[in-house]
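Enquirer: what follows is a predicted structure for the sequence shown.
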Amino acid sequence: MSFASDVRGELARVPVGEPCCACSELTAALLCGGGIAWRGRNRYAVTITSAEAPTVRRYFGMVKQFWGVVGQIRTITGDGLNNQTRYQLAMPEEEAAGLLDKLGLLDESALFGVRQLPLEETVRFACCRKSFLRAAFLMCGAASNPEKDAHIEFSAPTEGLAAFIADQLNYFEIEVKNRCRKSKYVVYLKRAEAISDALSLMGAGSAMMAFENVRVKKEVSNRVNRQMNCDSFNINRVMGAAEALIRDIHYIDAEIGLDKLPKPLREMAFVRANNPETSLADLGELMDPPLGKSGVSARLRRLADIAEKLRCGDEVKL
Ligand SMILES: [Zn+2]
């Protein structure tokens with residue numbers, strides 16, 4: 001099961017609250033699913049089609065409960081191009097126009113007498129806005145697997161409907177982005193907080209929790225990775241400097257002999273050469289008497305300086 005189908009499965013089970021919400025949800029399902037076809041004067045074929053049976057059963061139950069209309073559910077088996085089985089709820093043709101009228105979708109001035117956008121009063125209350133989004137997601141929503149990507153989207157059939165969906169999200173202060181893709185108008189959400197908010201207000205609380213768990217897990221592992229990279233970078237840095245200095249010490253020994261160095265430098269050279277992985281602070285502890293980090297650092301710099309001068313043939317004052 002994909003994350004998107006988990007979300008849809010959960011949304012399809014959200015109880016339908018008030019008649020206002022049923023009205024808003026059915027309107028969104030019809031407009032986002034593109035299920036209104038003109039069949040001649042005041043006759044319409046009104047259908048809701050989905051690859052998921054629970055979505056279709058939801059609207060079958062809704063029209064029966066709120067409008068007393070008993071639709072018919074049929075199965076559309078996949079053809080060669082689209083192998084997916086789909087389910088379709090068809091409203092009885094003699095009741096379709098009446099249903100559209102009750103939803104406020106009939107409008108004589110519109111093309112074929114049907115509005116392409118809902119009336120503003122369809123989303124009069126916050127509950128209705130949420131219901132609208134729920135149906136929009138069920139009909140034209142998609143979500144990425146959160147393990148891979150944080151992304152949910154609505155791909156609306158018209159620009160106007162995409163804007164209407166974006167308005168509902170903006171109403172809840174959810175920030176959206178838009179783009180056009182293959183003649184669909186896509187409203188999408190990228191920010192994790194926006195996705196969580198949208199999931200929970202549509203009613204997909206469990207999916208929201210699952211999304212949040214993945215997000216927290218990813219954040220922790222990103223932080224651990226960053227920390228590990230940082231630690232190994234520091235180890236490399238310690239090793240790099242130490243290696244260079246140990247080379248210098250061997251060079252000094254080969255050129256003039258470590259026994260020619262003053263005692264503090266000679267001891268420092270021995271301690272460094274014998275403890276290639278030890279930090280400066282710990283090297284100081286190995287000295288007798290112990291030496292602070294800045295003291296260690298000064299002596300190592302002096303050793304590097306001596307090696308440098310020997311390489312360049314400069315005079316070395318010991
Ligand atoms: Zn409502």
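Expert: On my side now, so go ahead. Numbers count the residues shown, from 1 in each chain.
Enquirer: going along the chain, name the helices of the stretch 201-318 of the chain.
Expert: With DSSP state H, counting those that start in this stretch, the ranges of helices along the stretch 201-318 of the chain come out as 205-255, 263-274, 280-286, 293-312.
Enquirer: need these in TSV (columns: mean pLDDT).
Expert: Putting the helices of the stretch 201-318 of the chain into TSV (pLDDT from 0 to 100) gives the following:
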stretch	mean pLDDT
helix 205-255	82
helix 263-274	91
helix 280-286	89
helix 293-312	88
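Enquirer: export the ones you listed to TSV and append columns for distance to the ion and mean neighbour count.
Expert: Every residue, glycine included, has its C-beta placed from N, CA and C. What follows is the helices of the stretch 201-318 of the chain, written out as TSV (distance: least, C-beta to the ion, whole Å; neighbours: other C-beta atoms under 10 Å):
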stretch	distance to the ion	mean neighbour count
helix 205-255	18	14
helix 263-274	76	17
helix 280-286	66	17
helix 293-312	68	16
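Enquirer: got TSV for those helices, with distance to L105 too?
Expert: Formatted as TSV, the entries for the helices of the stretch 201-318 of the chain read as follows, by distance: least, C-beta to C-beta, whole Å:
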stretch	distance to L105
helix 205-255	30
helix 263-274	83
helix 280-286	76
helix 293-312	78
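Enquirer: hmm, A162 is touching K177, no?
Expert: No: taking C-beta atoms under 8 Å as the definition, A162 is not a contact partner of K177, at 11.1 Å.
Enquirer: ok, now which ones touch the closest residue to A273 other than its chain neighbours?
Expert: Across the structure, with C-beta to C-beta, 6 or more residues apart in numbering as the measure, the residue nearest A273 apart from its sequence neighbours is I249 (5.0 Å). With C-beta atoms under 8 Å, 6 or more residues apart in numbering as the criterion, the residues that contact I249 are 258, 269, 272-273, 303, 307.
Enquirer: distance of I249 relative to A207?
Expert: According to C-beta to C-beta, to the nearest Å, I249 stands 62 Å off from A207.
Enquirer: next: D6.
Expert: Between D6 and A207 the distance, using C-beta to C-beta, works out to 5 Å.
Enquirer: need the contact list for the residue nearest to M268 when sequence neighbours are not counted.
Expert: Ranked by C-beta to C-beta, 6+ apart and with sequence neighbours excluded, the top spatial neighbour of M268 is R299, at 4.2 Å. Under the criterion of C-beta under 8 Å, 6+ apart, the contact partners of R299 comprise 264-265, 268, 291.
Enquirer: ok, now with 7 Å
Expert: Contacts for R299 were tallied using C-beta atoms under 7 Å, 6 or more residues apart in numbering; they are 264-265, 268.
Enquirer: now render the residues you listed as a markdown table, adding distance to R215.
Expert: Below are the contacts of R299 laid out as a markdown table (distance: C-beta to C-beta, whole Å):
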| residue | distance to R215 |
| --- | --- |
| P264 | 55 |
| L265 | 55 |
| M268 | 51 |
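Enquirer: residue numbers of this protein in contact with the ion?
Expert: For the chain, the residues in contact with the ion (C-beta under 5 Å from the ion) are 18, 20-21, 125, 127-128.
Enquirer: among those, name the buried ones.
Expert: With burial judged by 16 or more other C-beta atoms under 10 Å, the buried subset of those is 20-21, 128.
Enquirer: beta partners of the nearest residue to E159 once chain neighbours are set aside?
Expert: Here the nearest residue to E159 in space, its sequence neighbours aside, is Y185; by C-beta to C-beta, 6+ apart that works out to 4.8 Å. On the basis of DSSP bridges, Y185 is bridged to A156, C180.
Enquirer: now W67: how far from E147?
Expert: Summarising the geometry, the distance separating W67 from E147, computed by C-beta to C-beta, is 41 Å.
Enquirer: shaky segments in the protein?
Expert: For the chain, applying pLDDT under 70 flags the ranges 80-82, 230, 232-239.
Enquirer: can you rerun that using 80?
Expert: The chain contains residues with pLDDT under 80 at 1, 34, 78-83, 182-183, 222-241, 312-314.
Enquirer: okay, now the domains of the chain?
Expert: Taking automatic domain parsing as the domain assignment, the ranges for the chain are 3-203, 232-312.
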